[in-house]
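Engineer: my questions are about this predicted structure, shown below with the sequence.
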Amino acid sequence: MAQGKITSLDVARLAGVSQSAVSRVFTPGASASPTTAAKVKKAALELGYRPNPIARAMITGKSRIIGLLVAYLDNQFYPVALERLSAALQERGYHILVFMAKNSTDGVEEIVQELLDYQVDGIVAASVAVNGDLAERCADAGIPVVLFNRGQDGSGLSTVTSANFDGGRKVADFLVAGGHKRVAHIAGWSGSSTGRDRQRGLIEGLASHGSEPTHLIDGMYNRDTAAEAARQLMTLPEPPDAIFVGNDHMAFAVMDAIRSDLGLSIPGDVSIVGYDDVPLASWGAYDLTTVRQPVNRMVDATIETLLGEIDSVDRPGQKTEIEGPLIVRGSARKPTGWTR
């Protein structure tokens, strides 16, 4: 056959099947018999044919592409979540288009418009705020948006998070049971629902034991900010005997500053508790006690929610919170008789 653009019709002729059969073989989720699939794939390989996803999208109205909008990947939780989201969506016949955005209204608005231009089937916004105007624009385009690891009251969007408030309470109960009297909190960014909910859980948890945090500092989910906060706290006349840090990413910086800059012992001088349970938390250098974000269940819930909204565009937004356990390691003093 003369060299040129190979079409599905060419494959159909060589395989001795209909053009629609070729389309079904290369359409995720479509039905084709094993015999037909084998014939079509053999012919496609021989001709060097590759299906054109753009053309298919124009015909079906579905691109089989999910847009993932993230603000930053410094926090080790997000590369893990991104990998698992990608793998799980690929198993469903989807692919991910990743866009990085500044966590600001202008930055997010620009990227969302680009995602709409790519005709994605849905959007997952990971710790990125999506304002009401953007949410309405996506709804008008028939493109569902699910917020991952971020809540946003009043947006009408579906959200999937860990049970952040309950996580904060678990930390409070654990630290009080361990005999800690001066608990400080280096919180996540106060502009994020996750940071606010974890802080609120700690405050209400301590209050239930007749206590309160000695200090509340906004760590901005930033390593340098958290490290400086730790240095200031631990050089006070009465430093805290425990610090709950809003995520593991900041907690590692806090531990480094306390040990390296101040020469203090963890947990001898101060207990440290984080939030996320990223892989690095279990390394011997940190051995961090932390609340685990159940990333696999969060990813599964996000995909089920998003695909459900793709299939039913009028489906109302839903709020999903998934509880995660407190993982006790060596960075915090354990209560007497504590068992895992």
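Structural biologist: Arrived safely.
Engineer: flag the shaky bits of the stretch 1-150 of the chain, pLDDT-wise.
Structural biologist: 1-4, 28-29, 52-61, 103-107 (pLDDT under 70).
Engineer: quick one: the helices in it?
Structural biologist: Listed in chain order, the helices of the stretch 1-150 of the chain (DSSP state H, counting those that start in this stretch) span 8-15, 19-25, 34-47, 53-60, 77-91, 105-117, 132-140.
Engineer: would JSON lines of those helices with mean neighbour count and distance to residue 337 be doable?
Structural biologist: (C-beta placed from N, C-alpha, C; glycine too.) Formatted as JSON lines, the helices of the stretch 1-150 of the chain follow (neighbours: other C-beta atoms under 10 Å; distance: least, C-beta to C-beta, whole Å):
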{"stretch": "helix 8-15", "mean neighbour count": "19", "distance to residue 337": "69"}
{"stretch": "helix 19-25", "mean neighbour count": "19", "distance to residue 337": "62"}
{"stretch": "helix 34-47", "mean neighbour count": "16", "distance to residue 337": "60"}
{"stretch": "helix 53-60", "mean neighbour count": "12", "distance to residue 337": "59"}
{"stretch": "helix 77-91", "mean neighbour count": "18", "distance to residue 337": "32"}
{"stretch": "helix 105-117", "mean neighbour count": "16", "distance to residue 337": "49"}
{"stretch": "helix 132-140", "mean neighbour count": "16", "distance to residue 337": "49"}
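Engineer: so which of these gets nearest residue 178?
Structural biologist: Residue 178 sits nearest to helix 77-91 of all these, at 25.3 Å, using C-beta to C-beta.
Engineer: which one, of the helices of the stretch 1-150 of the chain, ends up nearest to residue 230?
Structural biologist: When the helices of the stretch 1-150 of the chain are compared by C-beta to C-beta, helix 77-91 sits nearest residue 230, at 20.1 Å.
Engineer: and the strands in this structure?
Structural biologist: Residue ranges of the strands in the chain, as given by DSSP state E, are 65-70, 95-100, 122-126, 145-148, 158-162, 183-187, 215-218, 242-245, 271-276, 289-292, 319-322, 326-327.
Engineer: could you look over the ones you listed and pick the most buried one?
Structural biologist: Sort the strands of the chain by mean neighbour count, taking mean count of other C-beta atoms under 10 Å, and strand 242-245 sits at the top with a mean of 30.
Engineer: that strand packs against which elements?
Structural biologist: Counting contacts by 3 or more C-beta pairs under 8 Å, 6 or more residues apart in numbering; DSSP states H and E, strand 242-245 packs against helix 164-177, strand 183-187, helix 223-234, helix 248-256, strand 271-276.
Engineer: next, format the ones you listed as TSV and append distance to residue 50 and mean pLDDT.
Structural biologist: Below are the helices and strands packed on strand 242-245 laid out as TSV (distance: least, C-beta to C-beta, whole Å; pLDDT from 0 to 100):
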stretch	distance to residue 50	mean pLDDT
helix 164-177	44	98
strand 183-187	50	98
helix 223-234	44	98
helix 248-256	40	98
strand 271-276	40	98
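Engineer: in JSON lines: those, plus distance to residue 212.
Structural biologist: Listed next are the helices and strands packed on strand 242-245 as JSON lines, based on distance: least, C-beta to C-beta, whole Å:
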{"stretch": "helix 164-177", "distance to residue 212": "10"}
{"stretch": "strand 183-187", "distance to residue 212": "8"}
{"stretch": "helix 223-234", "distance to residue 212": "16"}
{"stretch": "helix 248-256", "distance to residue 212": "21"}
{"stretch": "strand 271-276", "distance to residue 212": "17"}
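Engineer: what's the closest of those to residue 46?
Structural biologist: Nearest to residue 46 among the helices and strands packed on strand 242-245 is strand 271-276; the distance by C-beta to C-beta comes to 49.6 Å.
Engineer: what's the angle between that closest one and strand 158-162?
Structural biologist: Angle of strand 271-276 versus strand 158-162, following axes from the mean of the first three to the mean of the last three C-alpha atoms, to 10 degrees, is 150 degrees.
Engineer: distance of residue 37 from residue 51?
Structural biologist: Here the distance between residue 37 and residue 51 works out to 13 Å (C-beta to C-beta, to the nearest Å).
Engineer: repeat that for residue 295.
Structural biologist: For residue 295 relative to residue 51 (C-beta to C-beta), the value is 32 Å.
Engineer: out of these two, which sits in the more crowded spot?
Structural biologist: Neighbours were counted for residue 295 and for residue 51 using other C-beta atoms under 10 Å; residue 295 has more, 22 against 15.
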